[in-house]
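Colleague: Mind looking at a prediction? Sequence and model below.
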Amino acid sequence: MATMGSLAFVSELNTIETTVFLNNRGLPKFPLFAYYRSRKSILDNKTFVCSNGNGRVWRMKASGEKSSGGDGSGGDSDEALQAVIEKSKKLLAKQRDLLQQVFSERRDVITSINNTTINSEIEDISSEEEQSFLELDSNLPDDNHTSDEPSSSSVDPLKYRVPDNLNYEVDSWNKPSEVSTTNELPPFVSDISTTYKYSEDTNESTFHNVNDVAETPKHDDVKSPPLAGANVMNVILVAAECAPWSKTGGLGDVAGALPKALAKRGHRVMVVAPRYGNYAGLQDTGVRRRYKVNGQDMEVNYFQTYIDGVDFVFIESAMFRNLGSNIYGGNRTDILRRMVLLCKAAIEVPWHVPCGGLCYGDGNLVFIANDWHTALLPVYLKAYYHEHGLMHYARSVLVIHNIAHQGRGPVDDFSYVDLPPHYLDLFRMYDPIGGEHFNIFAAGLKTAYRIVTVSHGYAWELKTTEGGQGLHGIISENDWKLKGIVNGIDKTEWHPEVDAYLTSDGYVNYSLETLRTGKPKCKAALQRELGLPVRPEVPLIAFIGRLDNQKGVDLIGEAVPWMMDQEVQLVMLGTGKPELEQMLREMESRYHDKVRGWVGFSVKMAHRITAGADVLLMPSRFEPCGLNQLYAMCYGTVPVVHAVGGLKDTVHPFDPYNESGFGWTFERAETGRLIDALGNCLVTYREYKESWEGIQRRGMMQDLSWDHAAYQYEEVLVAAKYQW
Ligand SMILES: Nc1ncnc2c1ncn2[C@@H]1O[C@H](COP(=O)(O)OP(=O)(O)O[C@H]2O[C@H](CO)[C@@H](O)[C@H](O)[C@H]2O)[C@@H](O)[C@H]1O
């Protein structure tokens, strides 16, 4: 049986006594002891004087062993025993203060217990101590403990999944706005009275699922340390697409991958996206809400799953159903109505949708909105909630993936977004091309607490007349809150060693070590699959992407006659503008032995082309970041790119004198420049095999993961958190 006793640390400089629980072996219980172990340097060579409260006293070294001369059990006189007890009483008041401090710091320890230092300390402990620690602590008094928090006794540093910030004590940031308890909510806010309560008495928030969903998954399989430490936040990324469920381009990739990297840092992270189809493996939460869209009540239903440390919540509505292959389809107002619903329904997810049994709540919360589709979210957060004393501590960050699409329309479109009249000024824009118009991106940029864009180069370009595409003025004015962060790669999806699409049809997984054998096999498999002659010596050039003006596909079309004289093969995969799709088809029929134009969206082919090709072309006119060149470098495929935006940031040009660089770049988006760069690339491919392999290897050896970007996002989230 564990008992309570007293503990004194005796050192040359100080004597500290405190009350502890002792286990049946007479050792202090784990959390407190672990706490002092974590401060081992302070306590080294100090001695504990312990009493079990029943008159048994002994001395113990900081290591946990009883000191040889100090074991007073039965050996100390009654007077000595009495003296220790008296001393304990006198110091009780001081001790209580200390204890308060210890327990408040204990919360930090639970977080930091996951860091490697303490993990390694715990691993270092002797087997006797380890055994003691494992038996310990089920009854440790803990002022701060709430029933929903994993008890300190059950804290497994590798399994502790729910960050501290789930509990609404200690930190005012975590405390939901008191106003949100009121039943007198503004009419436009969904009725929250049955789902969200804040108790002044217990200082805790409780969330009840309206439909009493009992079967919410318990999440306990995250093994990564909370690198974010004290910066841990609740993060909700909202996007119109999220891979692998929905994807038309890079936004889907980012929405699927960045949240995982943030979760790895210890944040509690959710993605909210529309449910366009019947995705496998989702759980119906049973939560149903209604939101007004253009005067019409739309019911939404929330589905969820939990993967790689991230809660994925999908909004189901008649408006989104069966749009998987046409996410941005329909006329302008159809799309606008869908995005209004997405933003309205997403913003209340932290109130209504329990994940792992607990709603996120609106304290210590930041939304990451993406592109114009969700640029209404920062505006709604301000207009519907903050201005009514709701979601007081929630913040919004808006990410610019592509400024070319802004949610423009006639000023009358303002009626669709359901905002007070004085908000119109946020949306109203004038420019020489569109005249006076309504612009959703503009309003989002002005309202968001912080703005991120996906490379440093693009952050600069956005402030120029050409790069900002009409929004450069607003972006320049808000430069103080803008940061460029280069995207990363989800290496569980995009890495030649583990790529699931390289395990059949002659494709093989390969690594830096097996590059010389693995990549040629993939190239041969690709040539076979495309019906091209299997010729290892012929450079295979690729393009993958949306067939759009942005991507400079027309420049490739103009360069094709030159390429055909070069003894190369070319494969282009894409969908988009009908005239560009037609161009692909025509090129294939004209140069059937050398060119393949694959019109369609095929993730499998995108992976296989990235692995099998020698060269990837990206002559984009502008490119906020670009993911394909990152994937290419990771697969030992050499990029030839227009030096713009993120392409300039990530593809350092090959320098033959220093054998450095990752590919070829050209300064202007012109066919001649493309041909020059590609010509140099092909010469190196044919005549300088060692240099070529060096370029491939350097590309593959880069750390292109999301880890660094996630750290930088975290800085932005924290800046938003402390901004009023
Ligand atoms: N036909 C097809 N079949 C299969 N897969 C296809 C495909 N067409 C494109 N893809 C895939 O879609 C993604 C495209 O990503 P990009 O970043 O290159 O461009 P996008 O312009 O869509 O993204 C915008 O957002 C991203 C993310 O921030 C920025 O990197 C980028 O510069 C910006 O324009 C890649 O994963 C690619 O493989």
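Modeller: Perfect, I can see it now.

Colleague: which SS class is Leu341?
Modeller: Taken by DSSP: H, G, I helix; E, B strand; the rest coil, the conformation at Leu341 corresponds to helix.

Colleague: ok, the closest residue to it other than its chain neighbours - how many residues close by?
Modeller: Computed as C-beta to C-beta, 6 or more residues apart in numbering, the closest residue to Leu341 that is not its neighbour in sequence is Val293, at 5.0 Å. Using the backbone N, CA and C atoms, a C-beta is placed for each residue, glycine as well. Other residues within reach of Val293, judged by other C-beta atoms under 10 Å, total 22.

Colleague: hang on, Val293 packs against Phe320?
Modeller: No - taking C-beta atoms under 8 Å as the definition, Val293 is not a contact partner of Phe320, at 11.8 Å.

Colleague: Quick check: neighbours shared by the two?
Modeller: Counting by C-beta atoms under 8 Å, 6 or more residues apart in numbering, the contacts common to Val293 and Phe320 are Leu341.

Colleague: one step back: show me the contacts for the residue nearest to Leu341.
Modeller: By C-beta under 8 Å, 6+ apart, the residues touching Val293 are 319, 337, 340-341, 344, 416, 418.

Colleague: Recalculate using a threshold of 6 Å.
Modeller: Val293 makes contact with 337, 340-341, according to C-beta atoms under 6 Å, 6 or more residues apart in numbering.

Colleague: Let me know the pLDDT of it.
Modeller: According to the model's per-residue confidence, Val293 sits at a pLDDT of 97.

Colleague: Okay, it and Gly600: tell me how far apart.
Modeller: From Val293 across to Gly600, the span is 32 Å (C-beta to C-beta, to the nearest Å).

Colleague: Then Ser476?
Modeller: Using C-beta to C-beta, which is the criterion applied here, Ser476 is 40 Å from Gly600.

Colleague: higher neighbour count, those two?
Modeller: The neighbour comparison of Ser476 against Gly600 (other C-beta under 10 Å) goes to Ser476, with 13 against 9.

Colleague: From Glu667, how far out is the closest residue to the more buried one other than its chain neighbours?
Modeller: Beyond its immediate neighbours in the sequence, the residue positioned closest to Ser476 (C-beta to C-beta, 6+ apart) is Lys463, lying 4.7 Å away. Plainly put, Lys463 is 20 Å away from Glu667 if you go by C-beta to C-beta.

Colleague: Of the two, which one has the most company?
Modeller: Counted by other C-beta under 10 Å, Lys463 and Glu667 do not tie: Lys463 has more neighbours, with 18 against 12.

Colleague: wouldn't the more buried one be in contact with Glu477 here?
Modeller: No - with contacts counted by C-beta atoms under 6 Å, Lys463 stays clear of Glu477, the gap being 9.7 Å.

Colleague: Now for Val571, how many residues are close by?
Modeller: Applying other C-beta under 10 Å, we find 26 other residues in the vicinity of Val571.

Colleague: Now do the SS call for it.
Modeller: At Val571, secondary structure determined by three-state DSSP is strand.

Colleague: and if you look at Ile368?
Modeller: Classification of Ile368 into helix, strand or coil gives strand, according to three-state DSSP.

Colleague: For the stretch 551-700 of the chain, which residues are neighbours of the ligand?
Modeller: Counting by C-beta under 6 Å from any ligand atom, the residues of the stretch 551-700 of the chain lying close to the ligand are 573-575, 601-603, 606, 623-628, 646.

Colleague: Which of those residues ranks first by neighbour count?
Modeller: The most neighbours of any of these, using other C-beta under 10 Å, belong to Glu623, which has 33 neighbours.

Colleague: my guess is that residue meets His642, correct?
Modeller: No - shown here, Glu623 and His642 do not form a contact pair, counting by C-beta under 6 Å, at 7.4 Å.

Colleague: got the contact list for Asn301?
Modeller: For Asn301, the contacting residues are 288, 316, taking C-beta under 6 Å, 6+ apart as the criterion.

Colleague: isn't there a strand covering it?
Modeller: Yes - residue state for Asn301 (three-state DSSP) corresponds to a strand.

Colleague: That one pairs with what?
Modeller: The partner list for Asn301 in beta bridges (DSSP bridges) reads Arg288, Glu316.

Colleague: That one and Glu529: what is the separation?
Modeller: Here the distance between Asn301 and Glu529 works out to 41 Å (C-beta to C-beta).

Colleague: Helix, strand, or coil at Lys523?
Modeller: Using three-state DSSP, the secondary structure recorded for Lys523 is helix.

Colleague: Tell me which residues touch it, please.
Modeller: 540, 612.

Colleague: Next one, pLDDT for it please.
Modeller: For Lys523, the pLDDT comes out at 98.

Colleague: just Ala230 next, same as before
Modeller: With respect to pLDDT, Ala230 has a value of 83.

Colleague: Tell me the buried residues in the one helix or strand Ser589 maps to?
Modeller: Using DSSP states H and E, the element containing Ser589 is helix 578-590. Of the residues in helix 578-590, those with enough neighbours to count as buried (16 or more other C-beta atoms under 10 Å) are 580-581, 583-584, 587-588.

Colleague: gap between the residue in the stretch 301-450 of the chain that the ligand sits nearest to and Tyr385?
Modeller: Using C-beta to the nearest ligand atom, the closest approach of the stretch 301-450 of the chain to the ligand is made by His401 at 3.6 Å. Noted for His401: a distance of 25 Å to Tyr385, by C-beta to C-beta.

Colleague: how many neighbours does the residue in the stretch 451-600 of the chain that the ligand sits nearest to have?
Modeller: Nearest to the ligand, among the residues of the stretch 451-600 of the chain, is Val454, at 4.1 Å (C-beta to the nearest ligand atom). Summarising burial for Val454: neighbours were counted as other C-beta under 10 Å, giving 27.

Colleague: Leaving out chain neighbours, which residue sits closest to it?
Modeller: Distances taken as C-beta to C-beta, 6+ apart place Cys625 nearest to Val454, at 3.7 Å, with adjacent residues excluded.

Colleague: A helix includes Met563, no?
Modeller: Yes - assessed by three-state DSSP, Met563 belongs to a helix.

Colleague: That one and Leu323, how far apart?
Modeller: Met563 sits at a distance of 37 Å from Leu323 (criterion: C-beta to C-beta).

Colleague: Cys625 now?
Modeller: Relative to Leu323, Cys625 is positioned 26 Å away (C-beta to C-beta).

Colleague: All the helices of the stretch 601-724 of the chain, residue numbers only.
Modeller: Chain-ordered helices for the stretch 601-724 of the chain, with DSSP state H, counting those that start in this stretch as the definition, fall at 603-612, 628-634, 645-650, 671-687, 689-701, 707-721.

Colleague: what sits up against the fifth one?
Modeller: Defining contact as C-beta under 6 Å, 6+ apart, one finds that helix 689-701 is touched by 512, 633, 636, 638, 654, 659, 662, 684-685.
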